[in-house]
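**Student:** Requesting a structural model of the entry that follows:
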Amino acid sequence: GVCITQAVNEGAPLVYGSMPTVFDMQTTIGSYAAPEFHLAIAAASEMADYYGLPFFGTASCSDAKTVDPQAMAEVTMELFSTSLSKANIVHDIGVMDHCNSVSPAMAVLANEVINQMKNYCKGVEVNEETLALDVIQDVGFGGHYLQHTHTFSNFKEIWYPELFGRKMENPDESEIMTNVVKKIENILENHTIPELDSDILEKLAKWEEKYK
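**Tutor:** Here you go, the predicted model:
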């Protein structure tokens, strides 16, 4: 694809993508959730990085036909793999049934996992503030940190789920899907598509005119 694009219009900007899935010999489907699929995409992203090309990867694909434990396991596996790869753009949020259907519920759940991954990929910052050795000395042996000013200044920095439950008592198995439905309804009723800045639109128009 890269060679054909440049042969037709040399210098045209492009994004390299690769979907090297495996063929399941038992079911005759091309799996979008196989570990080999994720590994091959990660390898392709390394190739794209080597050649200086932006890479188009996948995220949140599942071979499951419904939003179930299989779907969540496969989606999480793919999102984790993609977040650690060198992909610049991802697609397929909420895609299921080996790319034959799309689920709004799966897309919303995937977004929850994506927010987790974004927090994970921040890494560990080591400095005087995060080590807080002075706080440890201040609290001392046998003390606690719940009422310390350092705790009040930082406890909101951790990731808190919007959909997933963390209740200690009276857990409700249906709570998560209830939250998902409410989230979908809120998006459908209130979401507005953000407009691109005029300078970005102007640049896009120039690129379109140059390479069409």
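
**Student:** From here on, just use CA atoms for contacts and neighbour counts.
**Tutor:** Fine.

**Student:** Need the pLDDT of the residue sitting nearest the centre point of the chain.
**Tutor:** Nearest residue to the geometric centre of the chain (C-alpha atoms, centre = their mean): residue 114, 3.6 Å. pLDDT recorded at residue 114 is 94.

**Student:** Show the residue spans covered by the helices in the protein.
**Tutor:** Ranges of helices within the chain are 2-8, 35-50, 69-83, 104-120, 128-131, 133-139, 149-154, 175-190, 198-211, based on DSSP state H.

**Student:** Would you mind finding the most buried of those?
**Tutor:** helix 69-83 (a mean of 20; mean count of other C-alpha atoms under 10 Å).

**Student:** Please name every helix or strand in contact with it.
**Tutor:** With contacts defined as 3 or more C-alpha pairs under 8 Å, 6 or more residues apart in numbering; DSSP states H and E, the packing partners of helix 69-83 are helix 35-50, strand 55-58, helix 104-120.

**Student:** I'd like to know which elements the last one is packed against.
**Tutor:** What that stands for is helix 104-120. Contact partners of helix 104-120 among helices and strands, from 3+ C-alpha pairs under 8 Å, 6+ apart: helix 69-83, helix 175-190.

**Student:** hang on, the earlier thing: right, so of the helices of the chain, which gets closest to residue 18?
**Tutor:** Set against residue 18 and scored by C-alpha to C-alpha, those come closest in helix 35-50, at 6.4 Å.

**Student:** May I have the closest one exported as PDB, CA atoms only?
**Tutor:** The C-alpha coordinates for helix 35-50 follow below in PDB (Å, rounded to 0.1, in the frame of the first residue of the first chain):
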ATOM      1  CA  PRO A  35      -2.700 -13.000  20.800                       C
ATOM      2  CA  GLU A  36      -0.800 -13.600  17.500                       C
ATOM      3  CA  PHE A  37      -2.900 -10.700  16.000                       C
ATOM      4  CA  HIS A  38      -1.900  -8.300  18.800                       C
ATOM      5  CA  LEU A  39       1.700  -9.300  18.700                       C
ATOM      6  CA  ALA A  40       1.900  -8.900  14.900                       C
ATOM      7  CA  ILE A  41       0.300  -5.500  15.100                       C
ATOM      8  CA  ALA A  42       2.800  -4.400  17.800                       C
ATOM      9  CA  ALA A  43       5.700  -5.700  15.600                       C
ATOM     10  CA  ALA A  44       4.200  -3.800  12.600                       C
ATOM     11  CA  SER A  45       4.100  -0.600  14.700                       C
ATOM     12  CA  GLU A  46       7.800  -1.100  15.400                       C
ATOM     13  CA  MET A  47       8.500  -1.300  11.600                       C
ATOM     14  CA  ALA A  48       6.500   1.800  11.000                       C
ATOM     15  CA  ASP A  49       8.500   3.600  13.700                       C
ATOM     16  CA  TYR A  50      11.700   2.400  12.100                       C
END
